[in-house]
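Participant: sequence unavailable; structure follows:
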């Protein structure tokens, strides 16, 4: 008679965690146009026209506003894309990325 080994199924502990989230923050300035800010929110963050106008107003009134909360790599990439777009059009818009929470 052959002897059989009994093996238990072992679940691997992969340790997958949710990536930390970061806020993308637009800083107000006196040179970047309202139109550019609205358009960038629509183009890079999928805002509707109405929500983009409201967020732009918030940036203007409060000096800054969080426009998105995203995983770090995506937040950083969006911030770079918006900044490059602003610079090519001659605007000094500052975009910060900081930990959420």
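Facilitator: Good, I have the coordinates. From a predicted model like this one, the values you see are computed outputs, not experimental measurements.
Participant: can you tell me the closest non-neighbouring residue to residue 75?
Facilitator: residue 22 (4.1 Å; C-beta to C-beta, 6 or more residues apart in numbering). (C-beta placed from N, C-alpha, C; glycine too.)
Participant: strands along the protein, start to end?
Facilitator: 21-27, 64-71, 94-99 (DSSP state E).
Participant: buried deepest among those strands, which one?
Facilitator: Stretch with highest mean neighbour count among the strands of the chain: strand 21-27 (a mean of 20; mean count of other C-beta atoms under 10 Å).
Participant: adjacent strands (with direction) for that strand?
Facilitator: Strand 21-27 has its sheet partners listed here by DSSP bridges as strand 64-71 (antiparallel), strand 94-99 (antiparallel).
Participant: how far does that strand sit from its chain's centre?
Facilitator: Mean-position distance between strand 21-27 and its chain equals 6 Å (C-alpha atoms, centre = their mean, to the nearest Å).
Participant: stretch 31-40 now?
Facilitator: 18 Å.
Participant: for stretch 73-90, same thing?
Facilitator: 11 Å.
Participant: what's in contact with it?
Facilitator: 19, 21-24, 26, 32, 36, 40, 43-45, 68-70, 92-97 (C-beta atoms under 8 Å, 6 or more residues apart in numbering).
Participant: and it, what's buried?
Facilitator: By neighbour count on 16 or more other C-beta atoms under 10 Å, the buried set for stretch 73-90 is 75, 78-79, 82-83, 85-86.
Participant: isn't the residue nearest to residue 75 right up against residue 96?
Facilitator: No: with contact defined as C-beta atoms under 8 Å, residue 22 does not reach residue 96; the gap is 9.7 Å.
Participant: by residue count, what's the longest helix in the chain?
Facilitator: helix 72-88 (DSSP state H).
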